[in-house]
Structures are given as C-alpha cells and as structure tokens.
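A.B. asks: okay, sequence plus prediction incoming.
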Amino acid sequence: MLVEMLRTLLRKILQRARARDTYRPERHYMRGPGPKSQARDTVGQTNNVEA
C-alpha cells in the first residue's frame, strides 16, 4: 500500500517535471541583427557611392 502510494507520487512528480521541459520557440526566437552589426554594415556601404 505505501509502496504503491510512493510510486504514484513519484510518477506524478516526474510527469510534471517533463511537462515543464517542453520546447518553447519564443524563448529561442532571434529578432535579427543587433545595432553593432547594422553599424558595421553601414560603414562599409557609405564608401561605395557611385557618381
């Protein structure tokens, strides 16, 4: 009886722990290049102006 209760409790705890470890794409979503890369790219483009 006690062993079955402990086994059930452990199973419920493990199920809840697995439910928390799901993949959430919004945590890994990249919005694009940051301001440093944009500044670096625009510096190289200003010298290539054709007249």
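C.D. replies: Noted; the coordinates are in hand.
A.B. asks: got the end-to-end distance for stretch 19-32?
C.D. replies: Stretch 19-32 stretches 30 Å from its first residue to its last (C-alpha to C-alpha, to the nearest Å).
A.B. asks: which other residues reach it?
C.D. replies: The contact list for stretch 19-32 (C-beta atoms under 8 Å, 6 or more residues apart in numbering) is empty. C-beta: built from backbone N, CA, C; applies to glycine.
A.B. asks: list the buried residues of that stretch.
C.D. replies: Residues of stretch 19-32 include none that count as buried (16 or more other C-beta atoms under 10 Å).
A.B. asks: and the helices in the protein?
C.D. replies: 2-20, 25-28, 35-46 (DSSP state H).
A.B. asks: then the shortest one to PDB, C-alphas only?
C.D. replies: So that's helix 25-28. C-alpha atoms of helix 25-28 as PDB (Å, rounded to 0.1, in the frame of the first residue of the first chain):
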ATOM      1  CA  PRO A  25      10.100  28.600 -29.600                       C
ATOM      2  CA  GLU A  26       9.500  32.100 -28.300                       C
ATOM      3  CA  ARG A  27      12.500  31.700 -26.000                       C
ATOM      4  CA  HIS A  28      14.800  30.900 -28.900                       C
END
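A.B. asks: returning to that earlier point: turn the helices of the chain into a markdown table, columns for mean pLDDT.
C.D. replies: Below are the helices of the chain laid out as a markdown table (pLDDT from 0 to 100):
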| stretch | mean pLDDT |
| --- | --- |
| helix 2-20 | 90 |
| helix 25-28 | 74 |
| helix 35-46 | 75 |
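A.B. asks: need phi/psi at the closest residue to Asp41 other than its chain neighbours.
C.D. replies: Leaving out its chain neighbours, the residue that sits closest to Asp41 by C-beta to C-beta, 6 or more residues apart in numbering is Pro33, at 7.9 Å. Main-chain torsions, Pro33, degrees, to the nearest 10: phi -70, psi 150.
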